[in-house]
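S.K.: Attaching a predicted model along with its sequence, questions to come.
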Amino acid sequence: MGTPVYDMNKGITDWSELESIKLKKLQKQLRRVYDQSPFHKARFDAAGFRPEMMKSLSDLKHLPFMDKNQERESQAESQAAGITALGDHIVCDPRDVVRISSTSGTTGMPTFTGYTQADSEVTAEIMRRAMPMMGAERGDVVMHAFVMSMWIAGLPVADIMQMAGFTVVPIGGMSGPGRFAITAQSVFPKQLNCTPSYATWMANKLREDFNIDPASFGIKRILLGGEPGGSIPEVREKISGLWGGAEIYDGIGAMHSSFFASFTCRHNTGLHWLADDYVHLEILDPATGASLPLEDGVTGEGVYTALEKECAPAIRFRSGDRFVIKRGRCACGRDTIRYSIEGRVDDMLLVRGVNVFPAAIQAVIGRFADRGVGSNIRIVLTSKPPVQEPPLPVKVELAAELSAEATAALAAELSDAVSKELRFRCQVSLLPKGTLDAFQADKNQKQQIFEREYDQ
């Protein structure tokens, strides 16, 4: 498994050879999807493209993009025909699919993703690459506290971590603090997997309801995912403090390519793209669709093409995430493409012509954590996005009790900080601790960031 150009401690060792390896894989993959998927053949033909035209990785720009809406339509057609849940773009024998997972469906009908055993092995290999970055070893006990459902972060990721060499305790995200405490005291976990909001909520509940200091469990590291926060320094510091100084890591996947693709290291210099020999990453200008160079400082939407995936591989699949690329060898010693996620392209708001990303608001507010400000926020939308009129209302939950006078002064200070740094007018209101539900009506316990007043 793996390729000779990736070293566990150094990252990519030969970028030129990597390009050659990727081109050969891509040529084989495009031929396969063209020959076996009427869906992809029709798309390629409409674009005037045939697999033999792929002479270099730059030729990928001639292929059309695929997005979540096209995927949803493809799956609706195949489901209506009684064929498969996975869509007309499936390119493997359905009998080879060993796992079907789904999105949460919070923005529409859920979509499904299938994986063969070989697909799972690829993701497990990427997870193994992340282990030395986090100081993890084979046999480390991991409490997996994502909701154990079809959601990718639940059962599918638990399976992958087990394949990679972890000892997985599937506690799930629905267990209360009492059961969590009993389990943690019994199995001696070295790692906890969960969302940022769950890590905060669980630590607070353990202290408030059971007088238990989470540090007593001896958890050395926490792998966050499923929602923004794991790469934001202020969020990491807060969660680390709640869990006795545990190291905090962030991990995300690449849709229809790999459950996992990127992880942060101890230096938190961005997410390391560890899947370069399995998933081709492009950055595009979301306004024009033009491909942008993978150079330091370039910003644009991430696009994935799966080079080996057997079941319904991503072919120029638009992620909807806005990347900021970082290049150069990291302080950890690895040479990889690194990036941060500025926010969702479709979550971007326009306030008097200024692009506003929720993650940027969270980052500014997070710097006030030592002043009694919590991490649970809601951005109130008074009209259909993206255009909003200033001042943009933002609700922020307090983490401590403050006097009315101190609360008013702090709210004004927060409003001023966000407005000055992000260049739009913002009106912050501070709410008592416990006012906002950290898992607002999301069955997968992912924190919701928007409150839509125009729907009410």
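M.R.: Perfect, I can see it now. Just so it is clear, the structure is predicted and the values come from calculations on it, not from any experiment.
S.K.: low-scoring stretches of the stretch 1-150 of the chain, by residue?
M.R.: Within the stretch 1-150 of the chain, the segments meeting pLDDT under 70 span 1-2, 104-109.
S.K.: hey, where'd the strands end up in it?
M.R.: Counting by DSSP state E, counting those that start in this stretch, the segments of the stretch 1-150 of the chain that form strands are 6-7, 11-12, 97-102, 112-116, 141-144.
S.K.: where's the longest one relative to the chain centroid, distance-wise?
M.R.: Translated: strand 97-102. The chain centroid and the centroid of strand 97-102 are separated by 19 Å under C-alpha atoms, centre = their mean, to the nearest Å.
S.K.: same thing with the fourth one?
M.R.: Taking C-alpha atoms, centre = their mean, one finds the center of strand 112-116 at 18 Å from the center of the full chain.
S.K.: Turn the strands of the stretch 1-150 of the chain into CSV, columns for distance to T288 and mean neighbour count.
M.R.: C-betas here are computed from N, CA, C, even on glycine. What follows is these, written out as CSV (distance: least, C-beta to C-beta, whole Å; neighbours: other C-beta atoms under 10 Å):
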stretch, distance to T288, mean neighbour count
strand 6-7, 33, 19
strand 11-12, 29, 22
strand 97-102, 32, 18
strand 112-116, 29, 23
strand 141-144, 41, 22
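S.K.: can you put the ones you listed in CSV and add distance to T407?
M.R.: Shown next, in CSV, are those (distance: least, C-beta to C-beta, whole Å):
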stretch, distance to T407
strand 6-7, 51
strand 11-12, 47
strand 97-102, 42
strand 112-116, 45
strand 141-144, 36
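S.K.: Mind checking the ones you listed for the one nearest to D67?
M.R.: Among those, the nearest to D67 by C-beta to C-beta is strand 112-116 (14.6 Å).
S.K.: Out of the strands of the stretch 1-150 of the chain, the one nearest E453 is which?
M.R.: With respect to E453, and counting by C-beta to C-beta, the nearest of those is strand 97-102 at 29.6 Å.
S.K.: Need the CA coordinates for the closest one. CSV is fine.
M.R.: Listed next in CSV are the C-alpha coordinates belonging to strand 97-102 (Å, rounded to 0.1, in the frame of the first residue of the first chain):
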residue,chain,number,x,y,z
VAL,A,97,-19.6,-2.5,-2.0
VAL,A,98,-19.0,-3.3,1.6
ARG,A,99,-20.1,0.0,3.2
ILE,A,100,-22.7,2.6,2.4
SER,A,101,-22.7,5.8,4.4
SER,A,102,-24.6,9.0,4.0
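S.K.: Just the residues contacting it, thanks.
M.R.: 85-86, 110-117, 120, 150-152, 154-156, 159, 311 (C-beta atoms under 8 Å, 6 or more residues apart in numbering).
S.K.: Now list the buried members of these.
M.R.: Neighbour counting over the contacts of strand 97-102 (16 or more other C-beta atoms under 10 Å) leaves 85-86, 110-116, 120, 150-152, 154-156, 159, 311 as the buried ones.
S.K.: Inside helices: which ones of the residues you listed?
M.R.: Counting by DSSP state H, the buried ones among the contacts of strand 97-102 place S120, L155, P156, D159 in helices.
S.K.: Distance to I100 for those - can I get that in CSV?
M.R.: Shown next, in CSV, are these (distance: C-beta to C-beta, whole Å):
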residue, distance to I100
S120, 12
L155, 10
P156, 9
D159, 12
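S.K.: And those, which two are furthest apart?
M.R.: S120 and L155 (11.9 Å).
S.K.: All good on my end, thank you.
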